[in-house]
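K.L.:
structure of the sequence below:
(2 chains)
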Protein chains: 2
Amino acid sequence: MTHKSREIRLASRPTGWPTPENFALAEVDVPEPRDGEALVENLFMSVDPYMRGRMNDVKSYVPPFAVGAALEGGAVGRVVVSRAKELAEGDLILSMKGWRERFVAPAGELMRLDPSVVPRSAWLGVLGVTGLTAWAGLELVDVKAGDRVFVSAAAGATGSIAGQLAKQRGCFVAGSAGSAEKVAWLRELGFDAAFNYKDGELVAQLRSAAPEGIDVYFDNVGGAHFEAALTVMRNHGRVIACGAISRYNDAAPEPGPRNLALVISKRLTIKGFIVTDWMQRRGDFVKAVLPLLASGKLRARETVVEGIERAPSAFLELLRGENVGKMIVKLAG
Amino acid sequence: MTHKSREIRLASRPTGWPTPENFALAEVDVPEPRDGEALVENLFMSVDPYMRGRMNDVKSYVPPFAVGAALEGGAVGRVVVSRAKELAEGDLILSMKGWRERFVAPAGELMRLDPSVVPRSAWLGVLGVTGLTAWAGLELVDVKAGDRVFVSAAAGATGSIAGQLAKQRGCFVAGSAGSAEKVAWLRELGFDAAFNYKDGELVAQLRSAAPEGIDVYFDNVGGAHFEAALTVMRNHGRVIACGAISRYNDAAPEPGPRNLALVISKRLTIKGFIVTDWMQRRGDFVKAVLPLLASGKLRARETVVEGIERAPSAFLELLRGENVGKMIVKLAG
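P.N.:
Okay, the predicted model is just below:
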């Protein structure tokens, strides 16, 4: 007996900004699980900026997606049929088998989740890879009380958590975002300053948001934001190089900041990281973040769209910054 | 009674590359020292790339030179008349009163030197600020045995010492320089690989010099070298951002590297530093370097020109890379 599933495939590699034509919806048959495997129904899947990089035919820290094959990414699902002793029907699990409704996988690729956490999609956001990314970035450069922190894409999944965790550490926190609604939300979250980067010149706005300069820049954006942050940075400042969403859709590499020499004169440190290097710290992270979440000291917001057929447009909306908080595609109830 | 001296003044601020017209030679009267002061005759003065930055009217980690006033910089001199109890006639001293033949200064601005070190100009180079810069850079990112190190401007005062000290630490060391003569000297010094960056495409030459990639880049150059080093860097690599001589004469800020996103995917760390922050470590540095120098394990070369009137051209030759090793202006015997 087989089960029906639908999946999103990479129809062609995008050049510059992706379009709906780069994606294809396909119906497939999912076989019965064999010994040691389980059949999973996905409830939620994640769309993330890093996925844009995997659509290029470039060797990086993760291999590129294959044209004609289903995409992959984080997903929360429910075990429908188990032939593995570690898993029972109804178990909530995390996998990297997103972009599809159902699948069969060995139990070793499925991580059981605490079903009492609400909402269950939090395992893709604040308690998942994006939350871990925010926490790891702050750990990376040892963000501590008194640091003046600037977060770009601060209303995004990673930025909103990074900013709140920095506030919890006793920092002054400023954030930039791309709409008045997002800026209002950052103020609600307790950011000391927030501005819409589309409202005016970036350096002037950042100077006004952080008149004494910044010690730490949590970079999710790259490009002009990176350059402006260097300009406003204090001596001995640290840059957390986490993402560069403003550059992911460049068809050709664009020049970097004109003021990189400030790294020398201001004695700056720039550190890049990849969250997968931090997976072994996941226990520490959940221990730090779960109580804050339970007590309401940390707030996570989601932008949810429904249906596998909406996944490509959700991804495109994410790249355009139309989400607030974590962008989630809901696949089943 | 007064003494005659000649000094080099900043006649006008250069725009882009400096020219001889930006400098003026002037004759001045030096007064007798008062209590607590000494009259010094300079023997050697240093010209250094960082001085170009001080010729711009820009606030940085050191204040700009004033137009119409004598320039300043490291110099080794001999006390001619002392009215300070800490200093005696004939003492060898280090000061920041370069670019002039004679001067009077308070004893607190004059550091007594060990006169047995040969040559005495070593206190401006390998045992001076340029040597300290090389040592501090390696300390900054903890360069250790097994690291694959690339040094740019490797035949310069800082680069040649940095490369040799890295070899002493058990590293593989590759260097770039701007002439066949310099490259041959780097091989003599024990560099594992050396190339003339003017001979061909930078990335290809660097790949060929360091086929397994590099873990550490000691950057004295910036610009194209910085970009090429990022391209060839291994995961978790470190960049010592020490200098950017290729950019110091830009009339307007030039764009940065097009591949800065590699900082994220390769998990790189870039650290900038200023040697003046390391002055309190000078004792450790001299203790580490003096025995290597005495035993011949560390070799220092100088390019020496004679006469205060030649100082501006020595500086211009330095900016054009015409020196090998430390550029020194000899002012007296």
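
K.L.:
please name the nearest non-neighbouring residue to the spatially most central residue of chain A.
P.N.:
Chain A has A:T130 as the residue nearest its centroid, 4.1 Å off, counting by CA atoms, centre = their mean. Leaving aside its chain neighbours, A:T130 sits nearest to A:A157 (3.9 Å; criterion: CB to CB, 6 or more residues apart in numbering or on different chains). For every residue, glycine as well, the C-beta is placed using N, CA and C.

K.L.:
got it, and A:Y248?
P.N.:
Nearest to A:Y248 is A:R52, by CB to CB, 6+ apart, at 4.3 Å.

K.L.:
pLDDT score for that neighbour?
P.N.:
Looking at A:R52, its pLDDT stands at 95.

K.L.:
is it part of a helix or strand, or is it coil?
P.N.:
What DSSP: H, G, I helix; E, B strand; the rest coil gives for A:R52 is helix.

K.L.:
burial of it, as a residue count?
P.N.:
19 (other CB atoms under 10 Å in any protein chain shown).

K.L.:
got the contact list for it?
P.N.:
A:14, A:18, A:248-249, A:319 (CB atoms under 8 Å, 6 or more residues apart in numbering or on different chains).

K.L.:
quick check: A:L262 vs chain B, distance?
P.N.:
Relative to chain B, A:L262 is positioned 8 Å away (CB to the nearest CB, to the nearest Å).

K.L.:
what's the closest non-adjacent residue to that residue?
P.N.:
Going by CB to CB, 6+ apart, A:L262 has A:L230 as its nearest residue, at 4.8 Å.

K.L.:
quick check: beta-bridge partners of A:R148?
P.N.:
A:F172 (DSSP bridges).

K.L.:
ok, it touching A:I214?
P.N.:
Yes. Contact status for A:R148 versus A:I214: in contact at 4.8 Å, counting by CB atoms under 8 Å.

K.L.:
so between the two, which is more surrounded?
P.N.:
Neighbour totals were compared for A:R148 and A:I214, and A:I214 leads with 26 against 22 (other CB under 10 Å).

K.L.:
strands of the stretch 151-300 of chain A, residue ranges please.
P.N.:
Ranges of strands in the stretch 151-300 of chain A, per DSSP state E, counting those that start in this stretch, are A:172-177, A:193-196, A:214-219, A:233-241, A:269-272.

K.L.:
any idea how far chain B is from the residue nearest to A:Y248?
P.N.:
Distance of A:R52 to chain B, computed by CB to the nearest CB: 12 Å.

K.L.:
tell me which residues of the helix or strand where A:A311 lies are tucked away?
P.N.:
In this assignment (DSSP states H and E), A:A311 forms part of helix A:311-319. Neighbour-count burial for helix A:311-319 flags A:311-312, A:314-319 (criterion: 16 or more other CB atoms under 10 Å in any protein chain shown).

K.L.:
show me where the stretch 1-150 of chain A has its helices.
P.N.:
All helices of the stretch 1-150 of chain A, identified by DSSP state H, counting those that start in this stretch, fall at A:50-54, A:129-140.

K.L.:
rebuild those helices as CSV, extending it with distance to B:K326.
P.N.:
Listed next are the helices of the stretch 1-150 of chain A as CSV, based on distance: least, CB to CB, whole Å:
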stretch, distance to B:K326
helix A:50-54, 45
helix A:129-140, 38
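
K.L.:
pick out the shakiest of the ones you listed, pLDDT-wise.
P.N.:
Among these, helix A:50-54 scores lowest, with a mean of 94.

K.L.:
so A:A122 touches A:V129, yeah?
P.N.:
No. Between A:A122 and A:V129 there is no contact under CB under 8 Å: 11.7 Å.

K.L.:
those two: which is more packed in?
P.N.:
A:V129 (25 against 22).

K.L.:
what's near enough to touch the closest residue to A:P312 other than its chain neighbours?
P.N.:
In space, and not counting its chain neighbours, A:P312 is closest to A:F23: 3.9 Å by CB to CB, 6+ apart. By CB under 8 Å, 6+ apart, the contact list for A:F23 reads A:8-11, A:311-312.

K.L.:
cheers, nothing more for now.
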